[in-house]
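Chemist: no sequence on hand, only this structure:
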C-alpha cells in the first residue's frame, strides 16, 4: 500500500547541509589538509573558511548567535569536513565537546557570556577531563578546586587536550570533595586562556591529526569567580559522562568522513590506474576491497545518524547508541583506510596521495573520547541494564 510518504528518508534540509559543507570544504579546507599535516600547524585558512559559512560551531543555538543546526546536521557537517581534513573536523567537533557542558547544565549567564564568542568564531572551546594518570579512569583525576571565599582555586594538570593553546575557553573538571569521588566529588568550571596561572605544554608529536594541536594544560593556583561553576557543585562527573554520550556521535561522524574520503580517493585511483592492459578496478581483488569498504561505510552512516537523532531527542538508549556508533565507525575507518592504502599499492604509502594521511588520522578515532575497549564495556553494561535498543 502506498501512502505517498517515505518513512526512511532524511529531509531535504540535511542534503542541503551536506552539499553546502562539501562546497566549502572542497574550496577552503581540502587544499590545506596536506600542509597542516606536514607542518603540524593549526589550519588557520580552513578555520577561516568554516567560520565564513557558520560551520565552525554549527551546534550553538540561534539564541546565542549560532547557526542552530541540530545534532544530526552537526554530525553531517563534521563528516564532510573530516572527508576533506580530519584535523579541521576537530574544530566543530571540539567546539561542541567543550561548550556542550554549558548547554546541558550551565547557567543562562554563563551561556550568554561565552557561547556568542564561539558562535562568531572569535573563540574556541576545549574540554579538559583527562590527566597524566587519569585517562580511561577519569574518576581518578587529581586536579583540585578549593573554595576560598567567593572564589575557587584550581591546581593540577590536564593532558591530551585538543586545541590547547588555541582555544580561548576550557571546560575543566576538578575534584571539589576528595572523600566523595565521582559520585558528588567532582565539579566543572569554565577557565579562560588568559586567567592568571593558566599555561600550556609543548604540542604532542602525534601519528595523525597533526593539524590539531594537543597539549597539556597547567593550572597553577588559578582563581575563578564562583559564577564560573558549571551546574551544581559535585555534579561534574555526571556532566562529563552525559557530555560524552552526545559527543561520541561526533567522533563516529569524524571516522565516517575519514573513511569516505579514503574510499573516494581509492575509487577514483582504481578507475584510472592500469595494469595488465586494464584499470585495476576491473580486478576482483580490488573490487572486493572497495565493496567491503562501501558496505561498512553505509552501515556506519546509518548507525551514526540514528545515534545523532537520539542525541537530539535525548533518548534513554543514547548511551548505547553513542558508544556503538563511535566504536563501529572508528573500527571501520581504521580497516577501510588501511585497505585503501592497499588499493593504491606503493603510491598509497607515499604522501603524494591522501590515503596514507587518512590511515594515520583514522587511528585516533579508536582511542579518544573513550577507547573502543571502553566502548565495548559501555555497550555490554547497557545491554545488562536493559537500556540498549
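Modeler: That came in fine, so what should we check first? None of these values were measured; they are calculated from a predicted model.
Chemist: domains in the protein, by residue range?
Modeler: The chain resolves into domains spanning 12-124, 126-235, 237-384 when parsed by automatic domain parsing.
Chemist: would you convert those domains into JSON lines that also reports mean neighbour count and mean pLDDT?
Modeler: (Each C-beta comes from the backbone N, C-alpha and C, glycine too.) Converted to JSON lines, the domains of the chain look like this (neighbours: other Cβ atoms under 10 Å; pLDDT from 0 to 100):
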{"stretch": "domain 12-124", "mean neighbour count": "21", "mean pLDDT": "98"}
{"stretch": "domain 126-235", "mean neighbour count": "18", "mean pLDDT": "97"}
{"stretch": "domain 237-384", "mean neighbour count": "21", "mean pLDDT": "98"}
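Chemist: the helices in this structure, which residues?
Modeler: Across the chain, reading from the start of the chain, the helices by DSSP state H fall at 12-28, 30-39, 44-52, 71-84, 86-105, 108-120, 236-272, 284-313, 318-344, 355-364, 372-384.
Chemist: using JSON lines, lay out those together with distance to residue 213.
Modeler: Below are the helices of the chain laid out as JSON lines (distance: least, Cβ to Cβ, whole Å):
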{"stretch": "helix 12-28", "distance to residue 213": "20"}
{"stretch": "helix 30-39", "distance to residue 213": "11"}
{"stretch": "helix 44-52", "distance to residue 213": "12"}
{"stretch": "helix 71-84", "distance to residue 213": "17"}
{"stretch": "helix 86-105", "distance to residue 213": "9"}
{"stretch": "helix 108-120", "distance to residue 213": "18"}
{"stretch": "helix 236-272", "distance to residue 213": "17"}
{"stretch": "helix 284-313", "distance to residue 213": "26"}
{"stretch": "helix 318-344", "distance to residue 213": "21"}
{"stretch": "helix 355-364", "distance to residue 213": "13"}
{"stretch": "helix 372-384", "distance to residue 213": "24"}
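Chemist: residue 208: which of those is closest?
Modeler: Set against residue 208 and scored by Cβ to Cβ, the helices of the chain come closest in helix 355-364, at 3.6 Å.
Chemist: packing partners for the closest one?
Modeler: With contacts defined as 3 or more Cβ pairs under 8 Å, 6 or more residues apart in numbering; DSSP states H and E, the packing partners of helix 355-364 are helix 30-39, helix 86-105, helix 236-272, helix 318-344.
Chemist: those helices: which one's closest to residue 127?
Modeler: Ranking these by their distance to residue 127 (criterion: Cβ to Cβ) puts helix 86-105 first, at 4.5 Å.
Chemist: so who does residue 212 touch?
Modeler: Listed by Cβ atoms under 8 Å, 6 or more residues apart in numbering, the contact partners of residue 212 are 42, 87-88, 90-91, 94, 162-163.
Chemist: how about CSV for the helices and strands packed on helix 355-364, with distance to residue 47 added?
Modeler: Supplementary listing: those in CSV, determined by distance: least, Cβ to Cβ, whole Å:
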stretch, distance to residue 47
helix 30-39, 10
helix 86-105, 6
helix 236-272, 16
helix 318-344, 23
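Chemist: relative to residue 154, which of those is closest?
Modeler: In terms of Cβ to Cβ, the element of these nearest to residue 154 is helix 236-272, at 12.2 Å.
Chemist: which strands or helices does that closest one pack on?
Modeler: Counting by 3+ Cβ pairs under 8 Å, 6+ apart, the packing neighbours recorded for helix 236-272 are helix 71-84, helix 86-105, strand 169-175, strand 186-192, strand 278-279, helix 284-313, helix 318-344, helix 355-364.
Chemist: okay if I get those as a markdown table plus distance to residue 55?
Modeler: Formatted as a markdown table, those follow (distance: least, Cβ to Cβ, whole Å):
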| stretch | distance to residue 55 |
| --- | --- |
| helix 71-84 | 5 |
| helix 86-105 | 6 |
| strand 169-175 | 19 |
| strand 186-192 | 24 |
| strand 278-279 | 36 |
| helix 284-313 | 16 |
| helix 318-344 | 20 |
| helix 355-364 | 19 |
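Chemist: out of those, the one nearest residue 250 is which?
Modeler: Distances from residue 250 to each of those were compared by Cβ to Cβ, and the smallest falls on helix 86-105, at 4.5 Å.
Chemist: from the chain's centre, how far out does that closest one sit?
Modeler: Once both centres are worked out by Cα atoms, centre = their mean, to the nearest Å, helix 86-105 turns out to sit 7 Å from its chain's centre.
Chemist: kindly report the same for stretch 275-290.
Modeler: For stretch 275-290, the separation from the chain centroid amounts to 35 Å (computed by Cα atoms, centre = their mean).
Chemist: how close does the residue nearest to residue 208 when sequence neighbours are not counted sit to residue 26?
Modeler: The shortest distance from residue 208 to any residue that is not its chain neighbour, by Cβ to Cβ, 6 or more residues apart in numbering, is 3.6 Å, and that residue is residue 360. Here the distance between residue 360 and residue 26 works out to 22 Å (Cβ to Cβ, to the nearest Å).
Chemist: quick check: most distant residue from the centroid of the chain.
Modeler: For the chain, the C-alpha farthest from the mean C-alpha position belongs to residue 277; by Cα atoms, centre = their mean, that distance is 43.5 Å.
Chemist: do I have it right that residue 257 meets residue 88?
Modeler: No - Residue 257 is beyond contact range of residue 88, at 10.4 Å (criterion: Cβ atoms under 8 Å).
Chemist: got any residues that touch both of the two?
Modeler: Among the neighbours of residue 257, those also in contact with residue 88 (Cβ under 8 Å, 6+ apart) are 81-82.
Chemist: got the confidence number for residue 3?
Modeler: The model reports residue 3 with a pLDDT of 47.
Chemist: then residue 389?
Modeler: Model confidence at residue 389, expressed as pLDDT, equals 74.
Chemist: what is the neighbour count of it?
Modeler: Per other Cβ atoms under 10 Å, the neighbour tally for residue 389 reads 8.
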